[in-house]
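Participant: Test case, fold it:
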Amino acid sequence: SWHLAQRRAALAHLPGDFGPPVVGHTLAILRSQAEFTRRMHERFGPVHKSASFFEEYVMLLGPEANQRVLQDRDKTFPAGGAWEHHFGRLFPRSLLLLDFEEHGAHRRAMMEPFRPPALRSYVARMHAPIARAVESWVKKGSVR
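Facilitator: Below you'll find the model as predicted:
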């Protein structure tokens, strides 16, 4: 289709290949994702294009590439578009689907419950009920 040709043209400057028509590299990935990734990395390097499961994508491998994408200081890797297809229906407007400043604001708001003082407080409150539950299992002699 026109959209497929347009997407592939946008990736024409990158090394790599899309595999067989329609299925791309899906079968190779189903056989062994690790082996497929290793072969593509050997052939095309740490940044290359590919296709599988009816999607075209760019693979970024290695610590430098991961750091660049995850830190995204230049704001060139919006998460929403990358994950919308997979999680959009289940988790609309979730943290994973928000981009840049909006993602940062929501992430900062969500971080407080996961800081060490809060986690220590949860563990302290959970200790007694967990100990009682485990003790009841020991008395029963089995766990269902």
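
Participant: and the most centrally placed residue in the chain, what helix or strand is that in?
Facilitator: Nearest to the geometric centre of the chain sits residue 83, at 7.8 Å (CA atoms, centre = their mean). Residue 83 is part of helix 79-87 when elements are defined by DSSP states H and E.

Participant: Show me what counts as buried in the helix or strand bottoming out on mean pLDDT in the chain.
Facilitator: Taking mean pLDDT, DSSP states H and E as the measure, the chain has helix 79-87 as its least confident helix or strand, at a mean of 77. Of the residues in helix 79-87, 79-80 count as buried by neighbour count, 16 or more other CB atoms under 10 Å. C-beta: built from backbone N, CA, C; applies to glycine.

Participant: Near the nearest residue to the residue nearest to the centre of the chain once chain neighbours are set aside, how many residues? Count them for me, please.
Facilitator: Nearest non-adjacent residue to residue 83, counting by CB to CB, 6 or more residues apart in numbering: residue 96, 5.3 Å away. Neighbour count for residue 96, taken as other CB atoms under 10 Å: 15.

Participant: I'd guessed residue 96 sits against residue 79; true?
Facilitator: Yes. Under the criterion of CB atoms under 8 Å, residue 96 makes contact with residue 79 at 6.3 Å.

Participant: Would you map the helices across the protein?
Facilitator: In the chain, the segments counted as helices under DSSP state H are 2-10, 26-31, 33-44, 63-71, 79-87, 100-111, 116-140.

Participant: Dump those into CSV; add distance to residue 54 as well.
Facilitator: Shown next, in CSV, are the helices of the chain (distance: least, CB to CB, whole Å):
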stretch, distance to residue 54
helix 2-10, 10
helix 26-31, 8
helix 33-44, 16
helix 63-71, 23
helix 79-87, 10
helix 100-111, 27
helix 116-140, 41
